[in-house]
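Asks: A predicted structure for the sequence below; I have some questions about it.
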Amino acid sequence: MSFEHEKQSALRILEGIELGTMDSVETYSHLRDADDTLIYFMFKWLRKRYREHEAAEGVLGRLADVCNEYRELTRRAKGGEEDPVVGWFEGSYKYKDLTAAEFIDLVVEKLEG
């Protein structure tokens, strides 16, 4: 799969949770084959970005619904946290400073590069 396709797919998932355009079942179907580190990154970005945001209840509620319904995603995200790319990112960037598109571009390039 090309970088551009990977980026589009990841952004679609992230925005699906963020904007509420995907339900838990659809979100899981897209995340089922995703890289564990990418899952970690997306979940962390949503939590950091929406921690004190006016839309927090909806966005974080949808994230919680997916995580509660599909516990394996939480376990996989936890495993993805150990990837050295996470340390690189967190030492260089702040999640909440990047838009969804900027974040996905950066992370997918690094994971696939």
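Replies: That came in fine, so what should we check first? Numbers count the residues shown, from 1 in each chain.

Asks: Just the helices from the protein, written as ranges.
Replies: Chain-ordered helices for the chain, with DSSP state H as the definition, fall at 3-19, 24-31, 36-49, 56-69, 71-80, 84-92, 100-112.

Asks: from the ones you listed, which stretch is densest packed?
Replies: The highest average neighbour count among those, using mean count of other Cβ atoms under 10 Å, belongs to helix 36-49 at a mean of 21. (Glycine included, C-beta is placed from N, CA and C.)

Asks: Show me what it is in contact with.
Replies: If you take Cβ atoms under 8 Å, 6 or more residues apart in numbering as the criterion, helix 36-49 is touched by 10, 13-14, 17-18, 31, 59-60, 63, 67, 73, 76-81, 83, 85-86, 89, 94-96, 98, 100, 103, 107-108, 111.

Asks: Got the confidence number for residue 84?
Replies: Residue 84 carries a pLDDT value of 95.

Asks: Could you do residue 113 as well?
Replies: Per-residue confidence for residue 113 comes out at a pLDDT of 75.

Asks: any idea how far residue 84 is from the most centrally placed residue in the chain?
Replies: Among the residues of the chain, the smallest C-alpha distance to the mean C-alpha position (Cα atoms, centre = their mean) belongs to residue 42, namely 1.2 Å. If you measure residue 42 against residue 84 using Cβ to Cβ, to the nearest Å, the figure is 18 Å.

Asks: Please apply the same query to residue 49.
Replies: For residue 49 relative to residue 84 (Cβ to Cβ), the value is 23 Å.

Asks: Okay, the residue nearest to residue 6 when sequence neighbours are not counted and residue 55: tell me how far apart.
Replies: Here the nearest residue to residue 6 in space, its sequence neighbours aside, is residue 108; by Cβ to Cβ, 6 or more residues apart in numbering that works out to 5.1 Å. Distance, residue 108 to residue 55, by Cβ to Cβ: 24 Å.

Asks: now swap in residue 26 and tell me
Replies: 20 Å.

Asks: and if you look at residue 32?
Replies: Summarising the geometry, the distance separating residue 32 from residue 55, computed by Cβ to Cβ, is 26 Å.

Asks: Please report how far the residue nearest to the centre of the chain lies from residue 14.
Replies: Looking at residue 42 against residue 14, where the rule is Cβ to Cβ, the gap reads 5 Å.
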